[in-house]
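Q: show me the folded form of this:
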Amino acid sequence: DSFQIQESKRRVEQELNPLWKEVDRAMKQQQNPLQHPDSQNRTELFSGYRAPNLNQDGSDDDMEMLIRNSEDLLLESQKLCYASEETGAETLNLMGRQREQLQNAGNHLAGARAYLDDASDVLKSMTRKAMRNKRFLQGVVALLVVANILVFIADVKKKLGRGRRSGGADVG
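A: Model prediction:
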């Protein structure tokens with residue numbers, strides 16, 4: 001029960017109080033239609049702000065506390081700036097190393113391309129020489145075949161010439 005009561009109070013404070021304030025503002029606006037709308041907006045804007053009162057007792061303590069809080073915030077901001085600066089410097093160093101690595105990799109790649117071009121030229125040269133040797137060997141084989149045919153023809157003519165001579169001697 002106490003939890004539900006506290007929850008109801010919280011809802012009234014968070015939900016209904018702003019509505020009542022809005023109704024009161026609308027009622028005042030209807031009663032004073034001549035009031036300038038900018039001054040009303042300004043009042044609404046700064047309604048939650050309270051400037052420190054320097055004339056009351058204890059104001060020095062409040063002011064010192066505000067100054068200390070400001071100094072603490074300033075120191076914290078400076079720490080964050082230094083940390084950000086260190087992170088940026090580390091990032092720049094890392095990027096510099098990576099740039100060097102990429103340049104080295106590019107140089108190695110250029111060297112590999114040069115080796116590939118040289119190897120391609122050597123292979124083309126070897127292919128041309130192999131084709132020239134192949135044609136030479138084909139020519140030699142063709143010459144040997146022609147020579148064998150000529151020898152065969154000469155051998156056949158020789159045998160035919162002997163057969164006619166030996167056959168004519170028997171008859172006559």
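
Q: show me which helix or strand of this structure is least confident by mean pLDDT.
A: The helix or strand of the chain with the lowest confidence, counting by mean pLDDT, DSSP states H and E, is helix 37-45 at a mean of 59.

Q: which element follows it toward the C-terminus?
A: Sequence order places helix 59-171 as the next helix or strand after helix 37-45, per DSSP states H and E.

Q: for that next one, the distance to its chain's centre please.
A: 26 Å (CA atoms, centre = their mean, to the nearest Å).

Q: does anything pack onto that helix? Which helices or strands?
A: Other helices and strands packing on helix 59-171, by 3 or more CB pairs under 8 Å, 6 or more residues apart in numbering; DSSP states H and E, are absent; none qualifies. Glycine gets a C-beta too; all of them are placed from N, C-alpha and C.

Q: export stretch 66-78 to PDB, keeping only CA atoms.
A: These are the backbone C-alpha positions of stretch 66-78, laid out as PDB (Å, rounded to 0.1, in the frame of the first residue of the first chain):
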ATOM      1  CA  LEU A  66      30.600  26.800  -7.400                       C
ATOM      2  CA  ILE A  67      34.200  27.800  -8.200                       C
ATOM      3  CA  ARG A  68      35.500  24.500  -6.900                       C
ATOM      4  CA  ASN A  69      33.000  22.600  -9.000                       C
ATOM      5  CA  SER A  70      33.900  24.700 -12.000                       C
ATOM      6  CA  GLU A  71      37.600  24.000 -11.300                       C
ATOM      7  CA  ASP A  72      36.900  20.300 -11.000                       C
ATOM      8  CA  LEU A  73      35.000  20.300 -14.200                       C
ATOM      9  CA  LEU A  74      37.800  22.200 -15.900                       C
ATOM     10  CA  LEU A  75      40.400  19.700 -14.600                       C
ATOM     11  CA  GLU A  76      38.200  16.800 -15.800                       C
ATOM     12  CA  SER A  77      37.900  18.500 -19.200                       C
ATOM     13  CA  GLN A  78      41.600  19.000 -19.400                       C
END
